[in-house]
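J.: Please find the sequence and the predicted model below.
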Amino acid sequence: MSRILIVEDSDSIALLLKRRLEMAGHSTVRASNGADALERLGRGERVDLVLLDETMPRLSGSEALGELRLVHPGLPVIMVTGTRPGPGSQELADAIVRKPIDFDQLLGLVERLA
């Protein structure tokens, strides 16, 4: 299946995402903020899809998404947010999932995009 980068600053939400995705047969890696995610990808970390939280320290999801599109334009990104998506996210993300997460919706998007 797919290798998914979970970019989430909340340990509990990251663990929940990891467990649900791995139960569905995917492998996961985690970054705790947007800057960490960009660094991992810049070092050549291979992933098929990114789950990107909106509200994080150091670099928000929207800011990271803008930079990610410049460097990895074809990499699918699903924004996961409990707030309103940041500027440009609607246009740049492949999909947006609201918190609380509907895992049937999320897994369907992962299957379609990864």
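T.: Nice, I can see it.

J.: Give the burial count for the residue lying closest to residue 27 once chain neighbours are set aside, as a bare number.
T.: Nearest residue to residue 27, sequence neighbours excluded (C-beta to C-beta, 6 or more residues apart in numbering): residue 3, at 4.9 Å. Backbone N, C-alpha and C define where each C-beta goes, glycine included. The number of residues packed near residue 3 is 14, by other C-beta atoms under 10 Å.

J.: tell me the contacts of residue 3?
T.: 26, 27, 28, 29, 46, 47, 48, 49 (C-beta atoms under 8 Å, 6 or more residues apart in numbering).

J.: go again using 10 Å as the cut-off
T.: Neighbouring residues of residue 3 by C-beta atoms under 10 Å, 6 or more residues apart in numbering: 26, 27, 28, 29, 45, 46, 47, 48, 49, 114.

J.: What is the nearest of those to residue 98?
T.: The nearest member of the contacts of residue 3 to residue 98, counting by C-beta to C-beta, is residue 49 at 18.0 Å.

J.: Isn't the closest one up against residue 26?
T.: Yes. Using C-beta atoms under 10 Å, residue 49 is in contact with residue 26, at 8.5 Å.

J.: Give me the common contacts of the two.
T.: Shared contacts of residue 49 and residue 26, counting by C-beta under 10 Å, 6+ apart, come down to 2, 3, 4, 110, 114.

J.: Can you say which of those are buried?
T.: 2, 4, 110, 114 (16 or more other C-beta atoms under 10 Å).

J.: dump the residue contacts of the third one.
T.: Translated: residue 110. Contacts of residue 110 by C-beta under 10 Å, 6+ apart are 1-2, 4, 20-21, 24, 26, 48-49, 51, 76, 78, 95, 97, 103.
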